[in-house]
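Asks: Let me see the structure of the following:
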Amino acid sequence: MDLTRDTVESIALLARLAVTAEEMPIYVDSLSKILNFVAQLEAVATSAVEPMAHPLADQVQRLRPDVVTESNERSKYQQCAPRVDAGLYLVPKVID
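Replies: Numbering: from 1, shown residues only. Alright, predicted model coming up:
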């Protein structure tokens with residue numbers, strides 16, 4: 001699928017991207033190559049491939065024990081905060 005300059009300009013507008021006239025041919029070419037590659041992937045027959053429920057189905061993943069390793073030092077960290085109330089940082093209202 002080869003994209004046109006107009007199509008890429010529309011995509012850039014929708015994505016709020018500023019693409020210069022010098023960059024436009026690069027974007028047209030790169031995006032066309034990406035879409036052509038996706039089309040190749042879609043052409044592969046995958047109906048006989050069994051989906052994996054988990055990539056480590058027959059293996060065991062080693063996990064560390066879920067234990068607390070640090071103490072709560074919230075009051076120490078909040079000493080330098082301009083405003084704190086009940087353990088929460090108070091910030092200025094930014095939305096009316």
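Asks: where do the helices sit along the chain?
Replies: 5-14, 24-43, 74-77 (DSSP state H).
Asks: buried set for the first one?
Replies: Just to be clear, that refers to helix 5-14. 8, 12 (16 or more other C-beta atoms under 10 Å). For glycine as for every other residue, the C-beta is placed from the backbone atoms N, C-alpha and C.
Asks: Next, count neighbours for Glu22.
Replies: Counted with other C-beta atoms under 10 Å, the neighbours of Glu22 add up to 7.
Asks: contacting residues around it?
Replies: Neighbouring residues of Glu22 by C-beta atoms under 8 Å, 6 or more residues apart in numbering: there are none.
Asks: Grab the most central residue of the protein for me.
Replies: Computing the C-alpha centroid of the chain and ranking residues by C-alpha atoms, centre = their mean puts Ala15 first, at 15.1 Å.
Asks: And that residue, what's its pLDDT?
Replies: Looking at Ala15, its pLDDT reads 95.
Asks: So it versus Ala39, what's the distance?
Replies: In this view, Ala15 and Ala39 are 21 Å apart by C-beta to C-beta, to the nearest Å.
Asks: Next: Pro25.
Replies: Pro25 is 21 Å from Ala39, by C-beta to C-beta.
Asks: Equivalent analysis for Ala81, please.
Replies: Counting by C-beta to C-beta, the gap from Ala81 to Ala39 is 54 Å.
Asks: Over to Gly87?
Replies: Gly87 is 55 Å from Ala39, by C-beta to C-beta.
Asks: mind checking how far the least confident helix or strand in the chain by mean pLDDT is from the chain centre?
Replies: Least confident element among the helices and strands of the chain, by mean pLDDT, DSSP states H and E: helix 74-77 (a mean of 92). The chain centroid and the centroid of helix 74-77 are separated by 32 Å under C-alpha atoms, centre = their mean, to the nearest Å.
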